[in-house]
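1. I would like the atomic coordinates for the input below:
(chains A and B)
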There are 2 protein chains.
Amino acid sequence: MSNETMKIPQATAKRLPLYYRFIQNLYASGKQRVSSAELSEAVKVDSATIRRDFSYFGALGKKGYGYNVNYLLTFFRKTLDQDELTKVALIGVGNLGTAFLNYNFLKNNNTKITCAFDVDPNKMGTTIGDVPVYHMDDLEKYLAEEDIQVAILTIPAPVAQIITDRLVQSEVKGILNFTPARLNVPSTIRIHHIDLAVELQSLVYFLKHYPTADIAE
Amino acid sequence: MSNETMKIPQATAKRLPLYYRFIQNLYASGKQRVSSAELSEAVKVDSATIRRDFSYFGALGKKGYGYNVNYLLTFFRKTLDQDELTKVALIGVGNLGTAFLNYNFLKNNNTKITCAFDVDPNKMGTTIGDVPVYHMDDLEKYLAEEDIQVAILTIPAPVAQIITDRLVQSEVKGILNFTPARLNVPSTIRIHHIDLAVELQSLVYFLKHYPTADIAE
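-> Residues are numbered from 1 along each chain as shown, chains lettered A, B, ... in the order given. Purely as a prediction, here's the structure:
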């Protein structure tokens, strides 16, 4: 990991996959340059933030020209390690889990759900979106066999910690937690938590307390 | 809306629903005070951030005592307008939409999904999680009848903008967008965008580039 990468603030790093997707689209449509205003319109991030974000990795737009699409594409592909596949397991094949399996994660990036787990015997041996569903009893076996580094948790909250403890014992390094449970893990494991109820409540709070026009997302 | 509320930074405001939920739990369990360290452990936000967040709304913990749970609960209930119900429509009853309908949003807050819409005739007249499913043709009618202020979008990306344009024409003020599409709306409408592929790619990026132990979420 280079020092240059280390200097990128977390908030900027979170926007990189978003920028990358739209720069891919621009490239695919044959566009050779793009202004921060155009990018801003497409990704819904204000252009001052885009210019600041891009300045961290040395992409300096020229006034009246903008940014070179090919340069940006090469940078993002390298930075986001698009050539290296990260294998992902999905734990919990309910409605939310099924939505994930049907969503094509490979379309714009380098992550792939290669196996799914559930306790329902009726789901064993099936495939959803080409992903095989295994029994939870075989979790450790397939995590090791498939060299899984990331798990998506779409299980009921009451069992979230128990399953997390088993993931920690395996080689999983990152967890995308869609349950309302806050999970205890060693500091070597990274968790991103997306709580659907909190997201909704947060939107409602902003509607009531903040004028929409002058807030950048 | 008071000036005091207006001074709260956006990042702090986003954490309020999370704090509120855990303070409710503490209160329900009979706890009368809580330290920032205990809160930090429960909500997985570092305690310096919690102390700074709480200082914005004048909740000053005492050294060796911590925060008064009852005071915090009263503050959060008032701030998050827990006594006022916000009605929500869910648009698109696929797997992701069904997951939302089965998720009990009323458990910890004051939002309620009161109607859902889909184009599939087989879903008309059914209820999922006690929420009636209507045809998309009747969208404007029920949005008006039910006084809907917020919509959750769980429809395919290619139709997201068309449906959004119809929401804008109605009285909807906020949209929780779960499609990969970036939507164009007037500045009077607030959109929060949760892109599942971007969330996964962001987690993978952080795993590769940031040491986990010293990053606060």
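2. what pLDDT does A:Tyr210 get?
-> In the predicted model, A:Tyr210 carries a pLDDT score of 69.
3. Just confirm A:Phe117 is within a strand.
-> Yes: going by DSSP: H, G, I helix; E, B strand; the rest coil, the assignment for A:Phe117 places it inside a strand.
4. how about it, what does it touch?
-> Neighbour list for A:Phe117: A:89-93, A:133-136, A:138-139, A:142 [criterion: Cβ atoms under 8 Å, 6 or more residues apart in numbering or on different chains]. All C-beta spots, glycine's among them, are computed from the backbone N, C-alpha and C.
5. Using TSV, lay out those together with neighbour count and distance to B:Ile163.
-> Below are the contacts of A:Phe117 laid out as TSV (neighbours: other Cβ atoms under 10 Å in any protein chain shown; distance: Cβ to Cβ, whole Å):
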residue	neighbour count	distance to B:Ile163
A:Ala89	24	33
A:Leu90	27	28
A:Ile91	27	32
A:Gly92	26	29
A:Val93	23	28
A:Val133	21	32
A:Tyr134	19	37
A:His135	16	39
A:Met136	16	37
A:Asp138	13	41
A:Leu139	21	39
A:Tyr142	18	39
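6. for those, which one is nearest A:Phe22?
-> The closest of those to A:Phe22 turns out to be A:Leu90 (Cβ to Cβ; 26.3 Å).
7. Identify the residues contacting the closest one.
-> Per Cβ under 8 Å, 6+ apart, neighbours of A:Leu90: A:97, A:100-101, A:113, A:115-117, A:131, A:151-152, A:154.
8. That one should be in a helix, yeah?
-> No: with three-state DSSP as the criterion, A:Leu90 is located in strand rather than a helix.
9. what pairs with the residue nearest to it when sequence neighbours are not counted across the strands?
-> Once flanking residues are discounted, A:Leu90 sits nearest to A:Ala116: 4.3 Å by Cβ to Cβ, 6 or more residues apart in numbering or on different chains. Note on A:Ala116: beta-bridge partners by DSSP bridges are A:Leu90, A:Val133.
10. most distant residue from the middle of chain A?
-> For chain A, the residue at maximal distance from the C-alpha centroid (Cα atoms, centre = their mean) is A:Gly64, at 33.2 Å.
11. Quick check: the gap between that one and A:Val43.
-> Applying Cβ to Cβ, to the nearest Å, the value for A:Gly64 to A:Val43 is 21 Å.
12. same question, A:Tyr103
-> Distance from A:Tyr103 to A:Val43, counting by Cβ to Cβ: 20 Å.
13. cool, A:Tyr134 as well?
-> For A:Tyr134, the distance to A:Val43 - Cβ to Cβ - is 37 Å.
14. do A:Arg166 as well
-> In terms of Cβ to Cβ, A:Arg166 sits 37 Å off from A:Val43.
15. about what we covered before: kindly reformat the contacts of A:Leu90 as JSON lines containing pLDDT and secondary structure.
-> Conversion of those to JSON lines gives the following (pLDDT from 0 to 100; DSSP: H, G, I helix; E, B strand; the rest coil):
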{"residue": "A:Gly97", "pLDDT": "94", "secondary structure": "helix"}
{"residue": "A:Phe100", "pLDDT": "89", "secondary structure": "helix"}
{"residue": "A:Leu101", "pLDDT": "91", "secondary structure": "helix"}
{"residue": "A:Ile113", "pLDDT": "91", "secondary structure": "strand"}
{"residue": "A:Cys115", "pLDDT": "95", "secondary structure": "strand"}
{"residue": "A:Ala116", "pLDDT": "97", "secondary structure": "strand"}
{"residue": "A:Phe117", "pLDDT": "98", "secondary structure": "strand"}
{"residue": "A:Val131", "pLDDT": "94", "secondary structure": "strand"}
{"residue": "A:Ala151", "pLDDT": "97", "secondary structure": "strand"}
{"residue": "A:Ile152", "pLDDT": "96", "secondary structure": "strand"}
{"residue": "A:Thr154", "pLDDT": "95", "secondary structure": "coil"}
